[in-house]
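Student: Sequence and computational prediction follow.
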Amino acid sequence: MKLKLRFKKLTFKKFLIAIAVFFLFLGCSFLFSCATTERIELHDIAELDRIYEFNSSHTWDYVIFPEEVKPETVEDFHAYYTYEILKPTVEIFLAVQYDENTFSAEVERIQSIKGYLPIKQNASAFSLPSYVTTLGCSESSAYVLLDNDTYKIYYVYLQFIRADDIQMDAHFLPENYTGYGNVDGFDFSIFYDNAADQYIGYYD
């Protein structure tokens, strides 16, 4: 009788171990599948609309980018999206050379952008005059830099990315950019309603 009970106990223990190993295997498989990275790279300005395929946290920030750009005016364009377990990594950079008239028209368009608040001018965080929709909020930043002397405009969107991994020139980064997208001294988005504690997105 005692031997029989001992046999049952051992069998039950083995059963529990088998179940634990099974769930451990499932967990590892899940983590492995999550760790598999998906990367999208864009370099052709004709594909600018594809940035909306990126799983960005703040797609409404893309309103900073022009709807149409003549290819011959583009000095640089690249967009990188990398799937990460915690949050996708995104870098979008566009540099456009305008003439005086188109530059003025584009600045007027940028100035008209609004969310819960109007777009912000923020000279203190950048080396060039700027308009900002998001800065250091949820590890994301979206802004436009103006070179009034040469009529160039630089459009930037960054999400969950370290400075060392950013491909554009560091000259275009906000000062005190740290970690995966924090900006010391700044944490705001014109699309965020602090009172309601929620993002409202873009509206006309």
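Tutor: Arrived safely, thanks for sending.
Student: Tell me which stretches of the chain form helices.
Tutor: Applying DSSP state H to the chain gives helices spanning 2-35, 100-111.
Student: what's the least confident stretch among those?
Tutor: Among the helices of the chain, helix 2-35 carries the lowest mean pLDDT, at a mean of 49.
Student: Okay, and the beta partners of the closest residue to T133 other than its chain neighbours?
Tutor: Distance criterion C-beta to C-beta, 6 or more residues apart in numbering; nearest residue to T133, sequence neighbours excluded, is A142 at 4.7 Å. Just so you know, the C-beta spots here come from the backbone N, C-alpha and C atoms, and that holds for glycine as well. With DSSP bridges as the criterion, A142 is bridged to T134, Y157.
Student: which residues touch A142?
Tutor: Shown in contact with A142 (C-beta atoms under 8 Å, 6 or more residues apart in numbering): 58, 61-62, 64, 132-135, 156-158.
Student: In PyMOL, select just the buried ones from these.
Tutor: What follows is the PyMOL syntax selecting those of the contacts of A142 that are buried according to 16 or more other C-beta atoms under 10 Å:
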select buried, resi 58+61+62+64+132+133+134+135+156+157+158
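Student: now, the most widely separated pair of the contacts of A142?
Tutor: The largest separation in those, counting by C-beta to C-beta, is between Y62 and L135 at 15.6 Å.
Student: Break down the chain into its strands, ranges please.
Tutor: Remark: strands assigned in the chain by DSSP state E are 39-42, 74-82, 89-97, 120-121, 130-137, 140-147, 152-159, 177-178, 182-183, 188-189, 192-193, 198-199.
Student: got those as JSON lines, with mean pLDDT and distance to A170 columns?
Tutor: Output for the strands of the chain, formatted as JSON lines (pLDDT from 0 to 100; distance: least, C-beta to C-beta, whole Å):
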{"stretch": "strand 39-42", "mean pLDDT": "94", "distance to A170": "20"}
{"stretch": "strand 74-82", "mean pLDDT": "97", "distance to A170": "14"}
{"stretch": "strand 89-97", "mean pLDDT": "97", "distance to A170": "12"}
{"stretch": "strand 120-121", "mean pLDDT": "93", "distance to A170": "22"}
{"stretch": "strand 130-137", "mean pLDDT": "96", "distance to A170": "15"}
{"stretch": "strand 140-147", "mean pLDDT": "97", "distance to A170": "13"}
{"stretch": "strand 152-159", "mean pLDDT": "98", "distance to A170": "12"}
{"stretch": "strand 177-178", "mean pLDDT": "96", "distance to A170": "9"}
{"stretch": "strand 182-183", "mean pLDDT": "96", "distance to A170": "14"}
{"stretch": "strand 188-189", "mean pLDDT": "92", "distance to A170": "22"}
{"stretch": "strand 192-193", "mean pLDDT": "81", "distance to A170": "27"}
{"stretch": "strand 198-199", "mean pLDDT": "72", "distance to A170": "29"}
